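Visitor: Provide a 3D model corresponding to the input given below.
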Amino acid sequence: QVQLVESGGGLVQAGGSLRLSCAASGRSFSSYHMGWFRQAPGKEREFVAAISWNGLTRSLADAARGRFTISRDNSKNMVYLQMNSLKPEDTAVYYCAADASYSTVVAGAMSDVDYWGKGTLVTVSS
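Guide: Got it, this is the predicted structure:
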């Protein structure tokens, strides 16, 4: 069992930066692939970024490429999402996810991914 708790969300002006954190507790965190997803009001949850268990493989959605960076620290059971050059369209609840399969994390089907956090709200004002 893995519990995920996101933090770091808040209100920021367009062009600003935020760093989201996901704290994981439970067994074998370092063996899980991790991902970040977001859900804007009235929209479906969408993939943002993923990182493999050892940090060697990373994936980014087109909307995040060039602005967001995903990283992890297995010694601290933490995953991070550094978000720069934020835009109003980045406004959403951001969720952390964990799964034993990297492809499952990237696909992000809610029924397939093993573990989800409860999310943290990011609001970008124009």
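
Visitor: which residues in this protein form helices?
Guide: 102-107 (DSSP state H).

Visitor: Low-confidence bits of it, can you list those?
Guide: Scanning the chain for pLDDT under 70 picks out no residues.

Visitor: which residue ranges form the strands in the chain?
Guide: 2-7, 10-13, 18-26, 33-39, 46-51, 58-60, 68-73, 78-83, 92-99, 115-116, 120-125 (DSSP state E).

Visitor: can you redo these as CSV with distance to V105 and mean neighbour count?
Guide: For the C-beta atoms, the positions are set from N, CA and C on the backbone; glycine is no exception. Below are the strands of the chain laid out as CSV (distance: least, CB to CB, whole Å; neighbours: other CB atoms under 10 Å):
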stretch, distance to V105, mean neighbour count
strand 2-7, 12, 17
strand 10-13, 25, 13
strand 18-26, 13, 18
strand 33-39, 4, 25
strand 46-51, 5, 22
strand 58-60, 8, 17
strand 68-73, 11, 18
strand 78-83, 11, 22
strand 92-99, 5, 23
strand 115-116, 10, 18
strand 120-125, 18, 17
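
Visitor: Right, I'll leave it there.
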